[in-house]
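Participant: Please find the sequence and the predicted model below.
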Amino acid sequence: MTAPSNASALHLYRNAMRFVCSKEFPFRYMQRKMKYNIRDLYDIYRDEKDEEKVKLLIERGYQDLETLKAWMFVEPNVIKKIFRGFGEPTIPLAELGKENRELEEENQQI
């Protein structure tokens, strides 16, 4: 088995950056933070010497990238409901109270 090379780590880095900077990235308001995180993690582990750890980090990196890509197939209104409050405002404050009351009514009926 060959050791993971710097080229494979760089390949992961470039793929992640390309995706985060693309129009397909579903969380545009998180783009700057994601780019920062990708760069930071690459810099932290750039000089890692343990081949097994490097291999594991690269595998996890690709898994995380695939997870991010899977969000492209979730409907935008579902994403907004899941991440409400964690970025750009998606629901006017006046409607937020109305939506919470509707949810409470639904929970009481169950």
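Facilitator: Structure received. The shown structure was predicted, so the numbers you read here are calculated from the model rather than taken from an experiment.
Participant: Only C-alpha atoms from now on, for both contacts and neighbour counts.
Facilitator: OK.
Participant: Same question for the helix or strand hosting Val20: list its buried residues.
Facilitator: Per DSSP states H and E: Val20 is located in helix 6-21. For helix 6-21, a neighbour-count test (16 or more other Cα atoms under 10 Å) marks 9, 12-13, 16-17, 19-20 as buried.
Participant: contact partners of that helix?
Facilitator: Helix 6-21 is contacted from outside by 25, 31, 34-35, 38-39, 42, 58, 61-62, 65, 69, using Cα atoms under 8 Å, 6 or more residues apart in numbering.
Participant: Secondary structure element holding Leu57?
Facilitator: Following DSSP H and E, one finds Leu57 within helix 51-70.
Participant: Actually, Lys23.
Facilitator: Going by DSSP H and E, Lys23 is not in any helix or strand.
Participant: phi, psi of it?
Facilitator: Backbone torsions for Lys23, taken as degrees, to the nearest 10, come to phi -70, psi -20.
Participant: Can you give me the separation between it and Tyr29?
Facilitator: 12 Å (Cα to Cα, to the nearest Å).
Participant: which residues sit in contact with Lys69?
Facilitator: Lys69 touches 19, 25, counting by Cα under 8 Å, 6+ apart.
Participant: Would you mind listing where the protein has pLDDT under the threshold?
Facilitator: Across the chain, the ranges flagged by pLDDT under 70 are 1-5, 85-110.
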